[in-house]
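Colleague: Fold the following.
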Amino acid sequence: MKNLLDNLKNLLQKDERLVSKGELLKNKIIELAIKLDKELIKLLLADKQMKEIFFTEIGKATIFDKDKFIKFVSNKQFLPDSYTAFKNKIGLTEDDEFIKEKKEVVLSWPYKDCVLEGGMTKEDQKRDEIFWNEILAPDEISRLIDPKVFTNTKRIDKNGEHKLDGFRIDENRDITDNLIIKGNNLLALHSLKKRFTGKVKLIYIDPPYYFYDTKQEDAFKYNPNFKLSSWLTFMKNRLNIAKEFLCNDGSIFVQINDDGYSYLKVILDELFGIENFIVSISVKVTSESGVKVSANKPVRVKEHILVYSKTNKWKYNRQFIIDYNYDPNYSYFVENLQSSPSQWKIKNIKDKFKELYKKEDFNEKDLLNLQIEFKDNIFSVRDISASLKERFGNNLDQFFVIDKENGKKTILWKKGEIVFFRNKVRDFDGKFYPVKYLSDIWIDISWDGIANEGDVTLKRGKKPERLIKRIIDMASNPNDIIMDFFAGTGTTCAVAHKMGRQYIGIEQLDYGKDSAVVRLKNVINGDQSGISKLVAWKDGGDFVYLELMKWNENFVEKIQKAKTKDELKNLWETMKEKAFSIYKVDIKEIDEHAKDFEDLSIKDQKRFLLECLDKNHLYVNYSEIDDEEYGVSEEDKKLNKEFYGN
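Modeller: The predicted structure follows:
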């Protein structure tokens, strides 16, 4: 950093316009940069180091990064004693920089890394989170979200894993393969944009939850001053691009806990528009038992699913749930249904039960079974409008038949409309059940026994296949594309596979034997857990597995896993040769102060090495696929060019 500052000062001294009484004029430098002064640009281009830092090559063109240069020159370390340090502006500052101009970005987590926009206070910067974070100014985010190279590709079916020789592409040039992608989900989403923008029918995500109580296992484990803003921005970055994938009649379902609910709804209202808010579903996810009953408040048993459409073109596939309760409103039994209504003989179903089964003792379950068996004969009387009631006069026992425009008939009796129990019954797997319309409170899906669904496990994070099936039924049709970019152990993808939908799953964490890949292999081979029997699932199908090609991310992972200082020392030697470092890193100066590095704790050594890495180079950009330095194979080049449509 020091060499860079000195080199720039010496270089700018050569321009007489920038010097007064032997001192550089900071404001004049910034003024000429804003004006894209030709002489200033020519001067900078003449220096190799300045060209590498402040210019970008695009094709045959060389572009001056004005904002980056101004940011660097404005830094307090550059001409700190300059009498021009105070600009002709008024505003809030921190360390002589206007807060409005800082626009800090946080790049976070080797395991859940992401771009987070939003500044931090000085208190926040004294952080000691479990997960590592680094602040990146926006002018340093030059290539982070560019499309990435895919590698380690393979097609997986009942016969095992196979070399991927190409994607399945339909007549519209759309990829029709199921995809499982390993890598940072934000960067993977940006890599999928070209292929899948506007083509996804349904997105379901179960993201990391925000917990007010930092002791919770799934919490974003930051200091209390920082974690909420981090979580909010983490979510906003992903939801913002997720919206681009939805087709006009598509929708997104986001599951969340109580603590994060209100914050998340504000983000979704902003991104999707409050006019596209469909419903907030409360789901019972646990029982009223265990340690939680000792809390000084009612027992928490629910989570929420926030549902938004992309436009007003979303259509709800109406859903019903089984109603296991006897409905006493359906209390009338027609003896001679084939006769005209005026000739009907009506009995109470309790009397009919006694007559049929010769039993005086019965319960509500017995009556419910009777209602199902004689669904065509049993009816209730529903309230009607005042105008229809006028037709009755005092003839309460008379039947009135009204012909409707659609050819159907309405039968009135006792100043009400007759509704038969058959209207409440649906066929599920060849058996009839009474049902009711699905509401926004779901208490009928059990979380018990889901631990082994798909023969994979995930403590505290796994969702029942029945839950995902209901969502897919509500918001999609066969062959639609389903996306889950927090795929975890692959519940969404497994259910989509069994239900005949195309799917895209993205996950960065390595779940080993409990990964989505393992689960989908089980599905293909005939897994009979979860919803398999409900949808008559047997086996078959396939999916394509891809990974984002790592570069600096390899070093991030190795640094995090290192157990000794010797490992970190060896890593530093490798990093000097192969890693991309940020421009502030002076390798020679670091090596000259090797003793200072050795004296650091292993935790601080890790932090230092991580901060040396240029986060724009976590993964290999597709635009550099032909660069020999990255060693992309010819097979990978061919598949990537096919994927990106080149």
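Colleague: Could you spell out which stretches of this structure belong to which domain?
Modeller: Domain assignment for the chain by automatic domain parsing gives 2-92, 150-287+308-318+445-548, 332-437, 552-617.
Colleague: among these, which is the most enclosed?
Modeller: domain 150-287+308-318+445-548 (a mean of 19; mean count of other Cβ atoms under 10 Å). Yep, even glycine has a C-beta here, placed from its N, CA and C like the rest.
Colleague: and that one, how far out from the chain's middle?
Modeller: From the chain centre to the centre of domain 150-287+308-318+445-548 is a distance of 7 Å (Cα atoms, centre = their mean, to the nearest Å).
Colleague: Can you give me the end-to-end span of it?
Modeller: 5 Å (Cα to Cα, to the nearest Å).
Colleague: the strands in the stretch 451-600 of the chain, which residues?
Modeller: Listed in chain order, the strands of the stretch 451-600 of the chain (DSSP state E, counting those that start in this stretch) span 481-484, 502-507, 543-548.
Colleague: could I get those as CSV with mean pLDDT and distance to Ala33?
Modeller: Listed next are those as CSV, based on pLDDT from 0 to 100; distance: least, Cβ to Cβ, whole Å:
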stretch, mean pLDDT, distance to Ala33
strand 481-484, 98, 43
strand 502-507, 97, 40
strand 543-548, 97, 35
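Colleague: Leu520: which of those is closest?
Modeller: When those are compared by Cβ to Cβ, strand 543-548 sits nearest Leu520, at 5.7 Å.
Colleague: quick one: the closest one to strand 502-507, angle?
Modeller: 40 degrees (axes from the mean of the first three to the mean of the last three Cα atoms, to 10 degrees).
Colleague: And what about Glu161, helix, strand or coil?
Modeller: With DSSP: H, G, I helix; E, B strand; the rest coil as the basis, Glu161 sits in strand.
Colleague: hang on, isn't it packed against Lys154?
Modeller: Yes: Glu161 sits in contact with Lys154 when judged by Cβ atoms under 8 Å, with a separation of 4.9 Å.
Colleague: Now for those two: what residues contact both?
Modeller: Jointly contacting Glu161 and Lys154 under the rule Cβ atoms under 8 Å, 6 or more residues apart in numbering are Tyr545.
Colleague: on that earlier part again, how about the strands of the stretch 451-600 of the chain, which one is nearest Asn525?
Modeller: strand 543-548 (12.7 Å).
Colleague: For the stretch 151-300 of the chain, just list every one of the strands.
Modeller: Going by DSSP E, counting those that start in this stretch, the stretch 151-300 of the chain shows strands at 160-163, 179-182, 200-205, 246-256, 277-284.
Colleague: for Phe362, what are its contacts?
Modeller: Here Phe362 is in contact with 350, 353-354 (Cβ under 8 Å, 6+ apart).
Colleague: and which of the residues you listed is nearest Asn640?
Modeller: Nearest to Asn640 among these: Phe353, at 69.7 Å, using Cβ to Cβ.
Colleague: and that closest one, what element?
Modeller: Take DSSP states H and E as the rule and Phe353 turns out to sit in helix 349-357.
Colleague: May I have the helix or strand that that helix is followed by as CSV, with CA atoms only?
Modeller: Sequence-wise, the next helix or strand downstream of helix 349-357 (DSSP H and E) is helix 364-373. Provided in CSV are the C-alpha atoms of helix 364-373 (Å, rounded to 0.1, in the frame of the first residue of the first chain):
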residue,chain,number,x,y,z
GLU,A,364,-69.3,-38.9,15.5
LYS,A,365,-66.8,-41.1,13.6
ASP,A,366,-69.7,-43.5,12.8
LEU,A,367,-71.8,-40.6,11.5
LEU,A,368,-68.9,-39.3,9.4
ASN,A,369,-68.5,-42.7,7.8
LEU,A,370,-72.2,-42.7,7.0
GLN,A,371,-71.9,-39.2,5.4
ILE,A,372,-69.1,-40.5,3.2
GLU,A,373,-70.8,-43.7,2.2
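Colleague: tell me the mean pLDDT for stretch 451-462?
Modeller: Taken as a whole, stretch 451-462 has an average pLDDT of 84.
Colleague: for it, how far is the first residue from the last?
Modeller: 7 Å.
Colleague: what residues does that stretch touch?
Modeller: 206, 217-218, 450, 464-465, 488-491, 494, 511, 513-515, 518-519, 522-523, 527, 529-530.
Colleague: For Lys100, report the pLDDT, please.
Modeller: On the pLDDT scale, Lys100 gets 41.
Colleague: next one: Asp383
Modeller: 87.
Colleague: same question, the one 5 residues further on
Modeller: At Leu388, the predicted lDDT confidence score is 73.
Colleague: pretty sure it contacts Leu412?
Modeller: Yes: in this structure, Leu388 is within contact of Leu412 by Cβ under 8 Å, at 6.5 Å.
Colleague: any common contacting residues for these two?
Modeller: Between them, Leu388 and Leu412 share these contacting residues under Cβ under 8 Å, 6+ apart: Ile402.
Colleague: so Val301 touches Gly290, yeah?
Modeller: No: with contacts counted by Cβ under 8 Å, Val301 stays clear of Gly290, the gap being 10.5 Å.
Colleague: And the two? Which one has more around it.
Modeller: Taking other Cβ atoms under 10 Å, Val301 and Gly290 do not tie; Val301 has more neighbours (16 against 9).
Colleague: give the contact list for the more buried one.
Modeller: 284-288.
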